[in-house]
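**Student:** take this sequence and fold it.
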Amino acid sequence: MARMARDTSSAAWPQLMLSNYANWVVLMQVMMEGWHLWDAVQTGTAERSEDRLALKAILRGVPPETGPTLAAKATVKETWDSLKTMRLGVARVREGKLATLTKQYDDIKFAEGESVDEFAMRLTTMVAQMVQLSETILEKRVIRKFLSVVPKQFSQIALSIETLVDLDTLSVEELTGTLKAAEEHHELHQATDEMGRLLLTEEEWHARLKTDDQHTGGFGAGSSRGRRGTGHGHRGGGGGGCGQNGKKKRDEEANALLAQGHGGDNADPTHLLMAQVCDLSADPGDRDWHVELFEERVVAHLGLATDAHSGVWYLDIGASNHMSGEEVSFSELDRHVTGTIKFGDRSFVDIQGRGCVLFTDHAGGHRVLSSVYFMSRLKSNIISVCQLDQIGCPSEIEHDIFTLYDQQR
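**Tutor:** The predicted model follows:
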C-alpha cells in the first residue's frame, strides 16, 4: 500500500524552552502520534523518509542553536535520546534530580493561603517531572498524597472520599473539582459568619467602641446606637475620632455639621453647612484596623472603581457612618483602615481607608468632616445625620425643611 505524502510544515509544533521540557515532551508525543511519526522516534528503525520527517518535526520545536548538533545524529531516535540527555543529564544526574523531587513530593503540603487549584497544579507538575525521570507513579498514589495533606477544613471530606469512593477509578481532576467545590462552599459560609458577627447587642457595640477609643485615642470604628435628637431617633454611627472617650484625651474635639439656625439677620434654614472639627495631625499609628459594618438602611449607588463619580453629597438619616467614593475629596486619608460594608440590598463593598473631607462654607471658611470611610466603588457621598447627632448636633424637620444645628454656635 502506497503511503500518503504528509507535510508537517503547517503544524504549530510546541517550542522547547529552558524550563518546560516535561510539558514539551508530552505535547510533542501527542502531535507526532497524530502525524503517525511516533513509532520512528521509539524504534529508530523506520524508513528513511519517515525518520527524516520525524526529525524535521523535532527540529522545528527546539532552539535554533541546538539544531546542527541534533541533525547530525544517524536516526531520529538518537536525536530524541540526545535531547533527553541534554535536558535531564546522564543517569547519575537524573537519579540525583529524582531524589530531590522525591523528597519534595514527600514533604509537599498546602502553603498558607494556597487554593485547591494552585496546589493541584504544583503537585501534578512535580509528578510529571518525576515521570520524565523514569519514575513510575500511579494516579492512585497521587490521589492518596493529595488527600493526606488537605487543610483542616477539608479533612472530613477527605475521609469520606477515602472510605466511600473507589480510588482506582478516581482521577486527580475529579478530586480537584470536588475539593474546589468544597472550598467555594467554605469561603461562602466564612463570609456569612463574618457578617453575622456584626449583629451584636447594643452593650457589645458600646464595649467594642470603648476598647477602640482606649487603644487609639478616639480613633475607633464601628456602629453604635446614637442618642435621640430633635426630629429623628435612628441608629447613629461610631464617632470615629470624635467619641466621648476622645474628648477626655484631647483639648479640641469633634463638633459636627453646621446648619444656620432660625435666628439672626442672615438666617437661612435651608442652607446647610457641612462641618466637623477634627485634629488633622492626629496619627493613628501604623496599626492596621479591619472594620466590618452593616448599613442595613442604606441602598448605595455602586459601580466600578473606574466609573465616573456623581460628586453629589446626601444627608442620610438611615446611614450609621459617613461614606465617600471620591478620593480627591479627602484632605487626609488613613489607608490602614480597611474592611467591608454590607448594605441593605445585600451588596458588599471594600473599605479602602478613612479620613477627613474639607468643605468651604457660605462665608468662605473651611469645615472638616471627619471619620469618613472611603470606598472607590461608591458613586455618591453620604453624610450620616445619626453620626452627627451622636456627637452633639441635633436636627429637626419643620415645614418640610430639614435642619441640623451646630451647638457651639
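**Student:** which residues does the helix or strand where residue 94 lies contact?
**Tutor:** Using DSSP states H and E, residue 94 falls within helix 91-107. The set of residues that contact helix 91-107 without belonging to it, under CB atoms under 8 Å, 6 or more residues apart in numbering, is 88-89, 126-127, 129-130, 133-135, 145. Quick note: C-beta positions are derived from backbone N, CA and C, even for glycine.
**Student:** okay but residue 359 is in contact with residue 370, surely?
**Tutor:** No: checked against CB atoms under 8 Å, the pair residue 359 and residue 370 is beyond contact range at 11.5 Å.
**Student:** domain assignment for the chain?
**Tutor:** As recorded under automatic domain parsing, the domains making up the chain are 21-88, 91-196, 202-404.
**Student:** looking at these, which one is packed in the most?
**Tutor:** Of all these, domain 202-404 carries the top mean neighbour count, a mean of 18, counting by mean count of other CB atoms under 10 Å.
**Student:** tell me the average confidence for it?
**Tutor:** Domain 202-404 shows an average pLDDT of 65 in the prediction.
**Student:** equivalent analysis for stretch 181-193, please.
**Tutor:** Per-residue pLDDT over stretch 181-193 has a mean of 71.
**Student:** and stretch 144-160, by the same measure?
**Tutor:** 92.
**Student:** how far does that stretch sit from the chain's center?
**Tutor:** 24 Å (CA atoms, centre = their mean, to the nearest Å).
**Student:** what's the end-to-end length of it?
**Tutor:** Stretch 144-160 stretches 13 Å from its first residue to its last (CA to CA, to the nearest Å).
**Student:** please enumerate the strands of this protein.
**Tutor:** Using DSSP state E, the strands of the chain run over residues 258-259, 272-273, 289-295, 313-316, 322-324, 330-334, 337-343, 348-351, 353-360, 366-374, 381-384, 395-398, 401-404.
**Student:** what's the spacing between the longest one and its chain's center?
**Tutor:** Pointing back at strand 366-374 there. The gap between where strand 366-374 is centred and where its chain is centred comes out at 28 Å by CA atoms, centre = their mean.
**Student:** hang on, the earlier thing: ok, the contacts of helix 91-107 vs residue 33, which is closest?
**Tutor:** Distances from the contacts of helix 91-107 to residue 33 were compared by CB to CB; the smallest belongs to residue 134, at 20.2 Å.
**Student:** distance of the closest one from residue 101?
**Tutor:** Residue 134 sits 12 Å away from residue 101, going by CB to CB, to the nearest Å.
**Student:** relative to residue 22, how far out is residue 396?
**Tutor:** Residue 396 sits 75 Å away from residue 22 when distances are taken as CB to CB.
**Student:** swap in residue 176?
**Tutor:** Computed as CB to CB, the residue 176 to residue 22 distance reads 19 Å.
**Student:** ok, now residue 180?
**Tutor:** Counting by CB to CB, the gap between residue 180 and residue 22 amounts to 24 Å.
**Student:** next one: residue 330
**Tutor:** With CB to CB as the criterion, residue 330 and residue 22 are 52 Å apart.
**Student:** swap in residue 101?
**Tutor:** Residue 101 sits 11 Å away from residue 22 when distances are taken as CB to CB.
**Student:** where do the contact lists of those two overlap?
**Tutor:** When contacts are counted by CB under 8 Å, 6+ apart, the set common to residue 101 and residue 22 consists of residue 129.
**Student:** how long is stretch 15-29 end to end?
**Tutor:** Start to finish, the residues bounding stretch 15-29 are 13 Å apart (CA to CA).
**Student:** tell me the mean pLDDT for that stretch?
**Tutor:** The predicted model assigns stretch 15-29 a mean pLDDT of 87.
**Student:** and for stretch 80-88?
**Tutor:** 85.
**Student:** chain center to it: distance?
**Tutor:** On CA atoms, centre = their mean, the centre of stretch 80-88 falls 42 Å from that of its chain.
**Student:** which residue sits closest to residue 75, ignoring its sequence neighbours?
**Tutor:** residue 44 (4.4 Å; CB to CB, 6 or more residues apart in numbering).
**Student:** touching, the one you found and residue 79? I think so.
**Tutor:** No: between residue 44 and residue 79 there is no contact under CB under 8 Å: 9.6 Å.
**Student:** pull the CA atoms of stretch 394-401 into CSV?
**Tutor:** Output in CSV follows, covering the C-alpha atoms of stretch 394-401 (Å, rounded to 0.1, in the frame of the first residue of the first chain):
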residue,chain,number,x,y,z
PRO,A,394,-29.4,67.9,66.9
SER,A,395,-31.7,68.1,63.9
GLU,A,396,-35.3,68.9,63.2
ILE,A,397,-37.9,68.8,60.4
GLU,A,398,-40.3,71.7,60.3
HIS,A,399,-42.4,72.9,57.4
ASP,A,400,-40.7,70.3,55.1
ILE,A,401,-37.3,71.8,55.9
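**Student:** any idea how far that stretch is from the chain center?
**Tutor:** Averaged C-alpha coordinates place stretch 394-401 at 44 Å from its chain's average position (CA atoms, centre = their mean).
**Student:** then stretch 342-349?
**Tutor:** Averaged C-alpha coordinates place stretch 342-349 at 18 Å from its chain's average position (CA atoms, centre = their mean).
**Student:** quick one: contacts of it?
**Tutor:** Around stretch 342-349, the neighbours that count as contacts under CB under 8 Å, 6+ apart are 195, 198, 293-300, 302, 340-341, 375, 377-378.
**Student:** one more time with 7 Å, if that's ok
**Tutor:** Taking CB atoms under 7 Å, 6 or more residues apart in numbering as the criterion, the residues outside stretch 342-349 that touch it are 195, 294-300, 302, 340-341, 375, 377-378.
**Student:** that'll do, ta.
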